[in-house]
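Chemist: Model the structure of this input:
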Amino acid sequence: MRFDAYTIAAQQFTHSQASLRSKNHAAAEIDRVLTDCITKARPVYLSLPTDLVSAKISTERLRTPLTRSQPPNDPQIESFVIDTIVKRLEEAGGDVVVLVDACAIRHGVKEELNEFLRKTKFPVYSTPMGKTAVDENFERYGGIYLGSISRPEIKESVEAAKLVLSVGGLRSDFNTGNFSYHIPVKHTIELHSDTTKVQYAVFPGVGMKELIPKLTERLESYHAVASKLVVPRFLAPVPNEDTETITHNFFWPRLAQFFRPRDFIVTETGTANFGILDVPLPEKSVLISQILWGSIGCLLGASLVAKESGQGRAILFVGDGSLQLTVQELSVMLRVGVKPIIFVLNNSGYTIERFIHGKARKYNDISNWNWTSLLKTLGDPNETISSSYTVHNKAELSDLLDNATFARAEKMQMVEVMMDRLDAPRSLKLQAEASGRANAYGAPTNPATTSA
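Modeler: Next comes the predicted model:
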């Protein structure tokens, strides 16, 4: 039998691994793997045999905190990089936009980034995975850039800029509108956790955590020029529609009015991931989503961390199909006292898959559950620590959102939201069309992420 089978499998998707064999080296190996995890913001894998589980080891290494910092930038290389970036901005005449992505959050540069934006006043946009890295009520924030499926005014503003400063970029299919960026490399500067790219030149070892504050000092003189660059208003007014049916076009702007500062908002893969993109979120709110791997069902369990997050209310949006995969986690939430508001989008199956491949295919259908009985079944039979609701139309939804007791979120609450099976956010429909074309037989296998 191969006892290392899982370690070998984990090597394909983890940054580092350790298989503990001796208690003499265990502490050092544990620290090495955990340090890799927090500095690289990547998963790691640790295994140990059962005969080591209860072994006692020295506590000496516990006295030294694990570092969260990348190695310091080389001063001479960093100075050259800063001078080079300043020259590129001078050549662009200050016509610069900032594009914020996932790794700005993962690698802890939100504070440095927001200070840079406040002092320079450059227009700033976000990718889907970078949402909430920047205060979305900031007057220089213009919304979500998603390649060819962006809103027209956002697409024009980003792609027409003479220089794009990308912060923490992570190029994946759903995060780039299926790799549809139209930003030439010669118009791009990329800041990463351990590397800086200036057009075609790459500078390893120059990380953004140290670099951004120094760029702020050099570039805040562009404040007057940058302030004149037009930024589209990022607003999401509730539309007037001639139907009482709850549509995505109505649902997300209406929920935007319900959100509060410091809310911990979780959107499951599917319609929720895309619907949340076009509405501004309050100051200091946090958005958790699964856009990179698109693993349906995983974010119900992830909502358990809300209790430890130090944020405010936990609000989860999940589709009926996704929820059926990991529904047992509701029982854990009831047991440990987590009190999320869970909106179950009941659209009779896998709507995102219907748009990608098979609107009428039976494999995208699911059995409809009695959702408002779930919390009774899974641990709260008398509804003493939970409540459940179903909203069938806009009036019922608005009445519930306006209810002060509901909004206080003092107990676990589930809201079944009845929606049409073929209704979806605009960006999801466009993304699904792009994915369908890319997945078609004979389609190019390696789409370019940028234009030369």
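Chemist: roughly how far apart are the most centrally placed residue in the chain and Lys121?
Modeler: The geometric centre of the chain, computed from its C-alpha atoms, lies nearest to Met129 (Cα atoms, centre = their mean), at 3.6 Å. For Met129, the distance to Lys121 equals 24 Å [Cβ to Cβ, to the nearest Å]. Where you see a C-beta, it was placed from the backbone N, CA and C, and this is true even at glycine.
Chemist: so who does the spatially closest residue to Glu190 that is not a sequence neighbour touch?
Modeler: Spatially, and ignoring its direct neighbours in sequence, Glu190 is nearest to Lys197 (4.0 Å; Cβ to Cβ, 6 or more residues apart in numbering). Contact analysis of Lys197 by Cβ atoms under 8 Å, 6 or more residues apart in numbering lists Thr188, Ile189, Glu190, Phe203.
Chemist: Distance check, the first one against Ser150.
Modeler: Distance of Thr188 to Ser150, given as Cβ to Cβ: 17 Å.
Chemist: Contact partners for Pro204?
Modeler: Asp194, Thr195.
Chemist: what's the pLDDT at it?
Modeler: We have a pLDDT of 96 for Pro204.
Chemist: Quickly list what it is bridged to.
Modeler: Thr195 (DSSP bridges).
Chemist: Next, the buried residues of the helix or strand where Asn24 lies.
Modeler: Assigning secondary structure by DSSP states H and E places Asn24 in helix 23-40. Residues of helix 23-40 classed as buried: Ala26, Ala27, Glu29, Ile30, Asp31, Arg32, Val33, Asp36, Cys37, Thr39, Lys40 (neighbour count, 16 or more other Cβ atoms under 10 Å).
Chemist: Quick one: list the elements packing against it.
Modeler: strand 17-19, strand 45-47 (3 or more Cβ pairs under 8 Å, 6 or more residues apart in numbering; DSSP states H and E).
Chemist: Can you show me the CA trace of stretch 239-251 as PDB?
Modeler: Taking Å, rounded to 0.1, in the frame of the first residue of the first chain, the C-alpha atoms of stretch 239-251 are listed here in PDB:
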ATOM      1  CA  PRO A 239     -35.300  49.400 -11.600                       C
ATOM      2  CA  ASN A 240     -38.900  49.900 -12.100                       C
ATOM      3  CA  GLU A 241     -40.200  46.800 -13.800                       C
ATOM      4  CA  ASP A 242     -43.600  45.800 -15.000                       C
ATOM      5  CA  THR A 243     -43.600  42.500 -13.200                       C
ATOM      6  CA  GLU A 244     -43.800  41.400  -9.600                       C
ATOM      7  CA  THR A 245     -41.600  38.400 -10.300                       C
ATOM      8  CA  ILE A 246     -38.200  38.700  -8.500                       C
ATOM      9  CA  THR A 247     -35.600  39.200 -11.200                       C
ATOM     10  CA  HIS A 248     -31.900  39.400 -10.800                       C
ATOM     11  CA  ASN A 249     -32.100  42.800 -12.400                       C
ATOM     12  CA  PHE A 250     -34.200  43.900  -9.400                       C
ATOM     13  CA  PHE A 251     -32.800  41.600  -6.600                       C
END
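Chemist: And the contacts of that stretch?
Modeler: Counting by Cβ under 8 Å, 6+ apart, 238, 253, 271, 275, 391-395, 397, 417-420, 423-426 sit against stretch 239-251.
Chemist: swap the cut-off to 10 Å and go again
Modeler: Identification of contacts with stretch 239-251 by Cβ atoms under 10 Å, 6 or more residues apart in numbering yields 238, 253-254, 271-272, 274-275, 278-279, 317, 343, 345-347, 351, 391-398, 417-420, 423-426, 428-429.
Chemist: re earlier: among the contacts of Lys197, which are located in helices?
Modeler: Among the contacts of Lys197, no residue falls in helices (DSSP state H).
Chemist: With neighbour count and distance to Ala160 as added columns, please give those in CSV.
Modeler: Below are those laid out as CSV (neighbours: other Cβ atoms under 10 Å; distance: Cβ to Cβ, whole Å):
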residue, neighbour count, distance to Ala160
Thr188, 22, 14
Ile189, 22, 17
Glu190, 21, 19
Phe203, 19, 27
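Chemist: any chance of the residues you listed in a markdown table, with distance to Asp242 too?
Modeler: Output for these, formatted as a markdown table (distance: Cβ to Cβ, whole Å):
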| residue | distance to Asp242 |
| --- | --- |
| Thr188 | 44 |
| Ile189 | 47 |
| Glu190 | 46 |
| Phe203 | 56 |
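Chemist: wait, which of those is closest to His223?
Modeler: Nearest to His223 out of the contacts of Lys197 is Ile189 (Cβ to Cβ; 18.8 Å).
Chemist: What is the burial count for Ile57?
Modeler: 14 (other Cβ atoms under 10 Å).
Chemist: Make 26 the starting number, not 1.
Modeler: In the new numbering, first residue 26, that becomes Ile82.
Chemist: Just confirm it contacts Ala51, I think it does.
Modeler: Yes. Contact criterion Cβ atoms under 10 Å: Ile82 and Ala51 qualify, at 5.6 Å.
Chemist: As a check, name the ranges of all helices in the stretch 226-375 of the chain.
Modeler: 233-244, 248-252, 273-283, 296-300, 323-327, 345-351, 354-361 (DSSP state H, counting those that start in this stretch).
Chemist: Can you tell me, leaving aside adjacent residues, what's nearest to the residue nearest to the centre of the chain?
Modeler: That would be Ala127: by Cβ to Cβ, 6+ apart, it lies 3.6 Å from Met154.
Chemist: who's in contact with the one you found?
Modeler: Contacts of Ala127 (Cβ under 10 Å, 6+ apart): 66, 151-156, 158, 193-195, 197, 200, 314, 316-317.
Chemist: Relative to Leu329, how far out is it?
Modeler: From Ala127 over to Leu329 (counting by Cβ to Cβ), the distance is 21 Å.
Chemist: Give the residue spans of the chain that score low on pLDDT.
Modeler: 26, 465-477 (pLDDT under 70).
Chemist: one step back: out of the contacts of Lys222, name the two that are farthest from one another.
Modeler: Thr213 and Phe228 (13.9 Å).
Chemist: Which strand residues bridge the closest residue to Ser412 other than its chain neighbours?
Modeler: With Cβ to Cβ, 6+ apart as the criterion, Ser412 has its nearest non-adjacent residue at 5.0 Å, and that residue is Gln438. Following DSSP bridges, Gln438 is listed with bridge partners Ile366, Ser412.
Chemist: count of neighbours near Gln438?
Modeler: There are 20 residues near Gln438, going by other Cβ under 10 Å.
Chemist: you'd agree it is up against Leu400?
Modeler: Yes. With contact defined as Cβ under 10 Å, Gln438 reaches Leu400; the gap is 8.8 Å.
Chemist: shared neighbours of the two, anything?
Modeler: Ile367, Ser411, Ser412, Ser413.
Chemist: Would you state the strands of the stretch 126-275 of the chain in chain order?
Modeler: For the stretch 126-275 of the chain, applying DSSP state E, counting those that start in this stretch gives strands covering 149-151, 166-169, 188-192, 213-216, 220-223, 226-229.
Chemist: Let's have those strands in CSV, adding distance to His207.
Modeler: Shown next, in CSV, are these (distance: least, Cβ to Cβ, whole Å):
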stretch, distance to His207
strand 149-151, 14
strand 166-169, 16
strand 188-192, 11
strand 213-216, 11
strand 220-223, 18
strand 226-229, 22
